[in-house]
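Peer 1: Sequence first, predicted coordinates after that:
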Amino acid sequence: MLTTTQIQAVLPYAIRATDLPLPNKQTGKVRDWYTLSQARRLLVTTDRLSAFDRVLAAVPYKGQVLNQLAAWWFEQTADIIPNHVLAIPDPNCLVAREVQPLPVEVIVRGYISGVTSTALWYRYAQGERTIYGHSLPEGLQKNQALPTPLITPTTKGGPTGHDERLTCAEVVSLGYVSAAMWQEVQSAALQIFARGQAVAAQAGLILVDTKYEFGVTPQGQLVLIDEVHTPDSSRYWKADSYAERFAVGAEPENFDKEFIRLAYTQQGYRGEGTPPTLPDSLWVSASQRYIQLYEMLTGLPFVPADYPADSRLSAMLERL
């Protein structure tokens, strides 16, 4: 585990996103990608975090944690479904094959939680019992485990944002994905989630919910893409505090980006106007949680690459 001093030392780099004048570059919230050649795409992790609506915030080592943890999870789930990774040249980068992402993201939920208008708990608390096409029993409490994990799809974000109220049946009826492929997607998603829950439980954690993205290769093969079971794509609770906090209606201790989201809401920010400035100490705490999650899940020490993003990327490109 890195010390507080070590994490503080990289704050100047953490708040600066990689932005080099390279050809064929497209930028996302989590990774920048560069086209190297046909079927070879370089994904470069950054230290940007979408922690709340329209907020991009800095967590030291976040990019490296996401990259290394996702790469580890790709190995753990390769027997369930192939993924897009071709090579991992250094802790910051993946070389991935070209795929056509499906227009639908797959959210798998193992617990009834959340406070936004599209969250399971919010809608259930408003009296709904059929949500996203799933029938839920009476008597559920906030943050309780669901009888079985549920898939709640959403369209990928675009100019009009996500459509977060789709049902699985509508994914097919609206023509987003064929019926056969959607069956394949759902089967893979539930298997990956079950694997994730089992690994999390061994590490003393609860995998609450997660988002998966899938793509199709030019040969028509379905593959897992983006990132898997990271603190940005998944929600994790600490298992040994869950029962005690659940009994008194308190939120479980988390190891994901909800830690940042809660910091903004405690300052009264709801996604409108200029977000408040949070202290460096909070970003250090967030980084410690991200790193601890990596080490708990993998059983490996987190080994960062401690040099600036520009040098990191330039050196890596010379080796490919």
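Peer 2: Noted; the coordinates are in hand.

Peer 1: drop to CA atoms for contacts and neighbour counts, all remaining ones
Peer 2: Will do.

Peer 1: Which of the helices or strands spans Glu105?
Peer 2: Element membership for Glu105, per DSSP states H and E: strand 104-112.

Peer 1: neighbouring contacts of that strand?
Peer 2: Here strand 104-112 makes contact (CA atoms under 8 Å, 6 or more residues apart in numbering) with 120-121, 140-146, 148-156, 171, 176-177, 189-190, 193, 207-214.

Peer 1: Narrow those residues to those in helices?
Peer 2: Counting by DSSP state H, the part of those found in helices is Leu120, Trp121, Val171, Ala189, Leu190, Phe193.

Peer 1: Now do the domain split for this protein, please.
Peer 2: Residue ranges of the domains in the chain are recorded as 4-99+279-319, 101-247, according to automatic domain parsing.

Peer 1: ranking those domains by mean pLDDT, which is last?
Peer 2: When the domains of the chain are ranked by mean pLDDT, domain 4-99+279-319 comes last with a mean of 77.

Peer 1: Helices of this structure, residue ranges please.
Peer 2: 4-9, 11-14, 62-77, 120-125, 168-173, 179-202, 239-247, 258-266, 280-298, 309-319.

Peer 1: Out of the ones you listed, flag the one nearest Leu86.
Peer 2: helix 62-77 (10.5 Å; CA to CA).

Peer 1: sorry, back to before: can you list the strands that the strand holding Glu105 pairs with?
Peer 2: strand 144-155 (antiparallel), strand 205-216 (antiparallel) (DSSP bridges).

Peer 1: about what we covered before: for the ones in helices among the contacts of strand 104-112, work out which two are farthest apart.
Peer 2: Trp121 and Val171 (22.3 Å).

Peer 1: Looking at these two, which is more packed in?
Peer 2: Ranked by neighbour count (other CA atoms under 10 Å), Trp121 and Val171 place Trp121 first, with 22 against 19.

Peer 1: you'd agree the more buried one is up against Arg129?
Peer 2: No. Counting by CA atoms under 8 Å, Arg129 is not a contact partner of Trp121; they are 10.4 Å apart.

Peer 1: mind checking how far the strand holding Glu105 is from the chain centre?
Peer 2: From the chain centre to the centre of strand 104-112 is a distance of 12 Å (CA atoms, centre = their mean, to the nearest Å).

Peer 1: Would you mark the buried spots in that strand?
Peer 2: Val104, Glu105, Val106, Ile107, Val108, Arg109, Gly110, Tyr111, Ile112 (16 or more other CA atoms under 10 Å).

Peer 1: of those residues, closest to Gln183?
Peer 2: Val106 (12.1 Å).

Peer 1: in the sheet, who's paired with the closest one?
Peer 2: On the basis of DSSP bridges, Val106 is bridged to Pro153, Tyr212.

Peer 1: how much space is there between Ala87 and Arg41?
Peer 2: Separation of Ala87 from Arg41 (CA to CA, to the nearest Å): 10 Å.

Peer 1: quick one: which of these two has more around it?
Peer 2: The neighbour comparison of Ala87 against Arg41 (other CA under 10 Å) goes to Arg41, with 20 against 14.

Peer 1: Go ahead and confirm the more buried one touches Ala96.
Peer 2: Yes. Judged on CA under 8 Å, Arg41 makes contact with Ala96 at a distance of 4.9 Å.

Peer 1: how far does stretch 228-248 sit from the chain's center?
Peer 2: Centroid displacement of stretch 228-248 relative to its chain, using CA atoms, centre = their mean, is 14 Å.

Peer 1: how about that stretch: buried residues?
Peer 2: 228-239, 242.

Peer 1: Check stretch 213-230 too.
Peer 2: Quick answer for stretch 213-230 (16+ other CA under 10 Å): 213-216, 222-230.

Peer 1: re the thing from before, now the common contact residues for Ala87 and Arg41.
Peer 2: By CA under 8 Å, 6+ apart, the residues touching both Ala87 and Arg41 are Val95, Ala96.

Peer 1: For Gln141, which non-adjacent residue is spatially closest?
Peer 2: Nearest non-adjacent residue to Gln141, counting by CA to CA, 6 or more residues apart in numbering: Ile112, 7.7 Å away.
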